[in-house]
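# Predicted model, plus sequence, below.
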Amino acid sequence: MAGKAVEKRPGTEVDPRDEPSAEWGWHGGFPKATRFAGWFTVLALLAMLIGNHENNTENVWLVGIAIAVAIGLLLDMRRRRTAWRR
């Protein structure tokens with residue numbers, strides 16, 4: 001009969017000096033939520049173009065930041081797609 005204690009696999013220990021959060025638990029990421037938040041940010045920035053603007057400086061900044069975030073997201077998608085090749 002198996003015991004109730006969780007057994008650790010050998011060789012999976014992480015040095016806390018390399019990853020301090022390993023002492024208190026899980027330290028992963030949320031890749032799908034991060035991508036969703038990024039695309040939502042791009043859409044929100046572009047939606048801010050609709051409104052009462054005095055000059056086009058605000059529009060240039062909104063579009064520029066939206067393009068920068070979109071390029072970052074596209075580069076991240078490309079990096080994730082080709083990560084298995086390395």
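Arrived safely. Residues are numbered from 1 along each chain as shown.

# Please list the outside residues in contact with the helix ranked longest in the chain.
For the chain, the helix with the greatest residue count under DSSP state H is helix 57-81. Contacts to helix 57-81, defined as C-beta atoms under 8 Å, 6 or more residues apart in numbering, come from residues 31, 35, 38-39, 41-42, 45-46, 48-49, 53. No exception for glycine: its C-beta is placed from N, CA and C like everyone else's.

# Drop anything exposed from those.
Buried members of the contacts of helix 57-81, scored by 16 or more other C-beta atoms under 10 Å, are 42, 45, 48.

# count of neighbours near the closest residue to M48 other than its chain neighbours?
Counting by C-beta to C-beta, 6 or more residues apart in numbering, M48 lies nearest to L62, which is 5.4 Å off, once chain neighbours are set aside. Number of residues near L62 (other C-beta atoms under 10 Å) recorded here: 18.

# now swap in the one 4 residues further on and tell me
Applying other C-beta under 10 Å, we find 19 residues neighbouring A66.

# now swap in L75 and tell me
Neighbourhood size, L75 [other C-beta under 10 Å]: 10.

# Enumerate every residue touching H53.
By C-beta under 8 Å, 6+ apart, the residues touching H53 are N59.

# okay, it: pLDDT?
H53 carries a pLDDT value of 80.

# How about V69?
pLDDT at V69 comes out at 97.

# In space, what's closest to it - neighbours in sequence excluded?
V42 (5.3 Å).

# What lies in contact with the helix or strand where the one you found lies?
Counting by DSSP states H and E, the element that carries V42 is helix 31-47. Identification of contacts with helix 31-47 by C-beta under 8 Å, 6+ apart yields 62-63, 65-66, 69-70, 72-73, 76-77, 80.

# buried subset of the residues you listed?
Of the contacts of helix 31-47, these count as buried by 16+ other C-beta under 10 Å: 62, 66, 70, 73.
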